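**Q** Could you work out the structure for the sequence below:
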Amino acid sequence: MGFVRNKVSSRFPALGRLGDIVLVGGVVLRFANRRGLISDQTAAKFGAPSSPGGSGLSVSEMALAGAAALRLLKGMQKRKS
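**A** The predicted structure is shown next:
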């Protein structure tokens with residue numbers, strides 16, 4: 001699957017970046033909702049699950065979000081220099 005992702009992301013780099021932003025944003029939104037930093041209504045406006053006491057993040061979700069965040073940071077550093 002890496003071959004397909006590389007082929008698509010090389011032709012449309014904005015799609016890969018957008019996917020990373022959505023993934024990291026969703027995890028941050030879920031985390032903020034579970035910690036009580038934002039209300040259920042605000043989270044629902046952005047499409048987060050309605051129950052803040054639901055299941056936590058799985059290890060695979062944390063790994064995916066971490067990798068996406070690192071890709072975003074690496075891309076920002078490349079554009080900066």
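
**Q** does Ala48 really touch Val27, like I thought?
**A** No - using CB atoms under 8 Å, Ala48 is not in contact with Val27; the gap is 10.1 Å. C-betas here are computed from N, CA, C, even on glycine.

**Q** The two: which is more packed in?
**A** More neighbours surround Ala48 than the other of Ala48 and Val27, with 21 against 18 (other CB atoms under 10 Å).

**Q** what secondary structure does the more buried one sit in?
**A** In three-state terms, and counting by DSSP: H, G, I helix; E, B strand; the rest coil, Ala48 is coil.

**Q** got a list of what it touches?
**A** Contacts of Ala48 were listed using CB atoms under 8 Å, 6 or more residues apart in numbering, and they are 26, 29-30, 33.

**Q** And for Asp20, the neighbour number?
**A** 19.

**Q** Apart from its neighbours in sequence, what residue is nearest it?
**A** Spatially, and ignoring its direct neighbours in sequence, Asp20 is nearest to Ala68 (3.9 Å; CB to CB, 6 or more residues apart in numbering).

**Q** any idea how far Leu37 is from the one you found?
**A** 21 Å (CB to CB, to the nearest Å).

**Q** Pull the distance from stretch 40-48 to the chain's centre.
**A** 16 Å (CA atoms, centre = their mean, to the nearest Å).
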